[in-house]
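Undergrad: missing the sequence, but the structure's below:
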């Protein structure tokens with residue numbers, strides 16, 4: 001009788017833990033984001049008064065761009081006069097998913113004065129595109145399957161990574177790891193994206 005009770009208790013414990021992990025979003029205890037925000041059309045409309053170089057980014061919202069490190073560096077140069085916030089992400093990265101709505105919200109608030117660019121590293125296009133459909137953002141992302149773009153801003157190791165360029169196109173800060181709150185991201189944008 002005691003063995004049967006112990007076995008049942010063990011099964012109940014496993015089920016409770018599994019349910020808890022599923023509702024928390026995974027075995028790391030972090031919640032997954034379900035905040036998909038407004039559709040891309042509404043995001044573009046909210047930023048339609050942006051200056052031409054920033055409007056060009058908004059017109060490519062949700063796209064995966066090619067061209068590698070050279071195209072990325074050319075874009076940073078073309079954005080001269082505007083600070084740039086770069087978010088390196090991957091579809092398989094739980095912390096990337098959690099912070100993505102922070103970048104969307106900040107891009108919508110600041111997109112007429114600050115450029116936002118994504119870099120999709122170590123990923124495949126199909127999964128990345130699905131991720132962008134689930135969590136649309138008002139800026140494009142560069143494909144970076146071999147992390148060559150991430151090397152440009154010293155962001156190869158950690159997922160996610162955020163890089164900040166000043167309005168002269170100089171890399172001023174690279175943050176390794178997730179922004180747990182939008183307020184923390186906003187604080188760094190104000191500190192570094194000048």
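TA: That came through fine. Please read all numbers here as calculations on a predicted model, not as lab measurements. Numbers count the residues shown, from 1 in each chain.
Undergrad: Would you mind giving the secondary structure of the nearest residue to residue 133 once chain neighbours are set aside?
TA: Leaving aside its chain neighbours, residue 133 sits nearest to residue 62 (7.6 Å; criterion: CB to CB, 6 or more residues apart in numbering). C-beta: built from backbone N, CA, C; applies to glycine. Here residue 62 takes the coil state, with states given by DSSP: H, G, I helix; E, B strand; the rest coil.
Undergrad: From the opening residue of stretch 80-95 to its closing one, how far?
TA: Its first and final residues considered, stretch 80-95 spans 30 Å by CA to CA, to the nearest Å.
Undergrad: Chain neighbours aside, what residue packs nearest to the spatially most central residue of the chain?
TA: Centroid check for the chain by CA atoms, centre = their mean gives residue 100 as the closest residue, at 4.1 Å. Nearest non-adjacent residue to residue 100, counting by CB to CB, 6+ apart: residue 135, 4.6 Å away.
Undergrad: shouldn't that neighbour be in contact with residue 98?
TA: No - using CB atoms under 8 Å, residue 135 makes no contact with residue 98, being 10.1 Å away.
Undergrad: Span of stretch 69-85 from start to end?
TA: Using CA to CA, the two ends of stretch 69-85 sit 16 Å apart.
Undergrad: Mind checking the pLDDT average for it?
TA: For stretch 69-85, the mean pLDDT works out to 97.
Undergrad: So what touches that stretch?
TA: 51, 53-54, 57, 65, 67, 103, 106-107, 113-117, 119, 142, 148-149, 151-152, 162-169, 189, 192-194 (CB atoms under 8 Å, 6 or more residues apart in numbering).
Undergrad: Of these, select the buried ones using a ChimeraX command.
TA: Entered in ChimeraX, the line below selects the buried ones among the contacts of stretch 69-85, by 16 or more other CB atoms under 10 Å:
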select :54,57,65,103,106,107,114,115,116,117,119,142,149,152,162,163,164,165,167,169,189,192,193
